[in-house]
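[1] Give me a model of this one.
(chains A and B)
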Amino acid sequence: MSTELERRLEGMLAATPEPEPGAGEEALHRALRALQPAAPARRGLRTTVLVFAAGIVLLVIAAGSLAAAGALHVSFGAKTKPHPATTQLELPKGANGIAAIVDGRLSMVTKDGFRLQGLPVSTAALSPHALYVAAGIGNSLVAMAPNGRRAWSHPAGGRVVAIAWAPDGLRIAYVVHVGRRFVLRVIYGNGIHDMTVDRSVRAVRPSWRADSRAFAYVGAGGKAILYDLAHQKHSVVTTLTPVTRVFFSPVGKTLIVATPSEVRLGGRTVASGQVEALGWFDGLPVTALAARKGAWIRSLGQHGRRVDNFFVPGRVVALTGGIVVTQTPAKVLAGWGREKTVTSLLRVRPSASLAELEIG
Amino acid sequence: MREPSDRDLVRKARRGDREAAAALFRRYWRDAWRAAFAITGRGSLADDIAADGFERAFAALGRFDDRRPFGPWLHRIVANRALDVLRAERRLSDEELPDTPDPAPVHTTGDRGLLAAVAELSLERRVAVVLRYGVGMTPKQIADALDLPVGTVNSRLARALEQLRESLEVERVD
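    Down below sits the predicted model:
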């Protein structure tokens, strides 16, 4: 028999709010991706397949023997081409993977043939060698394995706005929007041991030092801060504010920082202008400075000496994987290597917004 | 036209029918979300836990015994995921927890005393109460969902009600 207390409980719990429609759409997308159609197990078919496979194996062994004896030229079909993708994201030569976020949706291609398209995310980052991708999905940090399956998911307590994977792959630094603040956290690469590093930072992607023992980030006051994991120590790198980008060299311990109007290297201003992107090419810091109808790409040597300076049309989206990625007025993304050859990476609708692009 | 049964949808979804899977999702998304919300009290966590629950359920659909009802099985996954997340949070020090959790919108229902009392329940009792009075599952269904003997579920529910009555009594005296 239902007591008054039970009726009160039912009434209270019935007043639980409804889920937001956007959350449902995102969850449906994730759920459908997890769907694995099971092949009907039919003994007859299985036997046929096994017999066929055994025949193929015997044929291969025989052909191999003949080939070894020089009696037969063996060729197994044409060179495999990647499946035509509905997205036109293309993997540049020599890269392990490429990930782009267009209109809040992640597309990704790896050299192993993994393609991901249209996953709603807030931000994403490739792991070293593009073996995994970590993404902000809903209020979780999610890591996806090369086969497209989710490796792990960690409730972040808010929207993840920036992710940086350590070069050794063992840790991930990420910035999450919690309440009115951005919180910086570090989690192990396998999704455990989440810890808060700084409870108030700016929504800027942290940058790991090459030894994976420290990383730079931008504190709430706009200063670049170095966090040493071994000693759990924070130290201000430069009093320059407001820092908008930090980027460690892929080798060594050199940090380059940028404000909206200048780039600093080792405490010296090495470039002035509207900074569109920062990066490292062949061990040299590179910056993109906005210009009329394009940008100047400037690589810098020792003491900020200018090593190379060339113009690219369009807005520079990223300096990544040795490639300058731009979005041209024709809304075609392309990569310019230092040889200034052009490769088309992605075609997007004219109205589309490209938030991030990373080549690993 | 007759609505397809859960079993029909599960069988089609297993064969890769995305429409059937989406229909199954739409049928249970609201309940799964509300269960997750009722357990955690946080909308942002409920989004993730319910989504996670569906993702795990769909990934394991091939192993699901379709002679059993889909709803309790899904709720079991969602409830267990919610428990895992809350336990993991409890293991973290206060330092590491975000200090601005989502406000629980059930505060607006007016039964604040009861809500506070429910929040005081242990996780295990709270889950039993939510599944019984929020989702409307029978003790047998809850037992199936949580892999517990029915006697344990009845005992948790009885003790939870007793604790709630005591808390509300104290509140009235205060």
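
[2] Make sure residue A:209 is actually in contact with residue A:217.
    No - between residue A:209 and residue A:217 there is no contact under CB atoms under 8 Å: 11.7 Å. Yep, even glycine has a C-beta here, placed from its N, CA and C like the rest.

[3] and these two? which has more neighbours close in?
    The neighbour comparison of residue A:209 against residue A:217 (other CB atoms under 10 Å in any protein chain shown) goes to residue A:217, with 27 against 22.

[4] Chain B contacts on the stretch 1-150 of chain A?
    Contacts of the stretch 1-150 of chain A with chain B, taken as CB under 8 Å from any CB of the partner chain, map to A:3, A:5-6, A:8-20, A:23-24, A:26-28, A:30-38, A:40, A:138-140, A:149-150.

[5] change it to 6 Å
    By CB under 6 Å from any CB of the partner chain, the residues of the stretch 1-150 of chain A that approach chain B are A:8-10, A:12-13, A:15-17, A:19, A:23-24, A:27-28, A:30-32, A:34-35, A:37-38, A:138-140.

[6] list the contacts for the residue positioned nearest the centre of chain B?
    The centroid of chain B falls nearest to residue B:35 when counting by CA atoms, centre = their mean (3.4 Å). With CB atoms under 6 Å, 6 or more residues apart in numbering or on different chains as the criterion, the residues that contact residue B:35 are B:75, B:78, B:135.

[7] before we move on, which element is it in?
    Using DSSP states H and E, residue B:35 maps to helix B:18-40.

[8] Could you list the buried residues of that helix?
    Residues of helix B:18-40 classed as buried: B:20-25, B:27-29, B:31-40 (neighbour count, 16 or more other CB atoms under 10 Å in any protein chain shown).

[9] same thing with stretch A:297-310?
    For stretch A:297-310, by 16+ other CB under 10 Å, it's A:297, A:298, A:299, A:300, A:304.

[10] so where's chain A uncertain?
    Applying pLDDT under 70 to chain A picks out residues A:1-2, A:21-22, A:36-88, A:146-148, A:303, A:329-341, A:350.

[11] Which strands and helices lie in contact with the lowest-mean-pLDDT helix or strand in chain B?
    Here the helix or strand of chain B ranked lowest by mean pLDDT, DSSP states H and E is helix B:70-91, holding a mean of 77. On a contact count with 3 or more CB pairs under 6 Å, 6 or more residues apart in numbering or on different chains; DSSP states H and E, helix B:70-91 meets helix B:18-40, helix B:43-59, helix B:123-129, helix B:139-146.

[12] among those, which is nearest residue A:145?
    helix B:43-59 (12.7 Å; CB to CB).

[13] Now do the closest one: which elements does it pack against?
    Counting contacts by 3+ CB pairs under 6 Å, 6+ apart, helix B:43-59 is packed against helix A:21-34, strand A:150-155, helix B:18-40, helix B:70-91.

[14] Kindly report the residues of chain B close to chain A.
    Checking chain B against chain A by CB under 6 Å from any CB, the hits are B:14-16, B:18, B:21, B:25, B:29, B:33-34, B:37-38, B:44-45, B:47-48, B:51-52, B:54-55, B:58-59, B:62, B:85, B:96, B:98, B:100, B:105, B:109, B:111, B:114, B:133-134.

[15] okay, now the domains of chain B?
    With automatic domain parsing as the criterion, the domains of chain B are listed as B:1-103, B:109-174.

[16] Return the member of those having the minimum mean pLDDT.
    Lowest mean pLDDT within the domains of chain B: domain B:1-103, a mean of 78.

[17] Starting from the one helix or strand residue A:269 maps to, tell me which strands it pairs with and how they run.
    According to DSSP H and E, residue A:269 maps onto strand A:268-272. Here strand A:268-272 has these sheet partners by DSSP bridges: strand A:262-265 (antiparallel).

[18] Quick one: distance of the partner strand to the chain centre.
    Relative to its chain's centre, strand A:262-265 lies at 25 Å (CA atoms, centre = their mean, to the nearest Å).

[19] okay, that strand in PDB with CA atoms only?
    Extracted as PDB, the C-alpha positions of strand A:262-265 are listed here (Å, rounded to 0.1, in the frame of the first residue of the first chain):
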ATOM      1  CA  GLU A 262      53.700  40.200 -30.600                       C
ATOM      2  CA  VAL A 263      55.700  37.000 -30.300                       C
ATOM      3  CA  ARG A 264      58.300  36.400 -27.600                       C
ATOM      4  CA  LEU A 265      61.200  33.900 -27.600                       C
END
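
[20] Just the endpoints, please. Distance across stretch B:55-71?
    14 Å (CA to CA, to the nearest Å).

[21] Give me the contact list for that stretch.
    Outside of stretch B:55-71, the residues within contact range by CB under 6 Å, 6+ apart are A:30, A:31, A:34, A:35, A:38, B:6, B:7, B:10, B:13, B:14, B:74, B:77.
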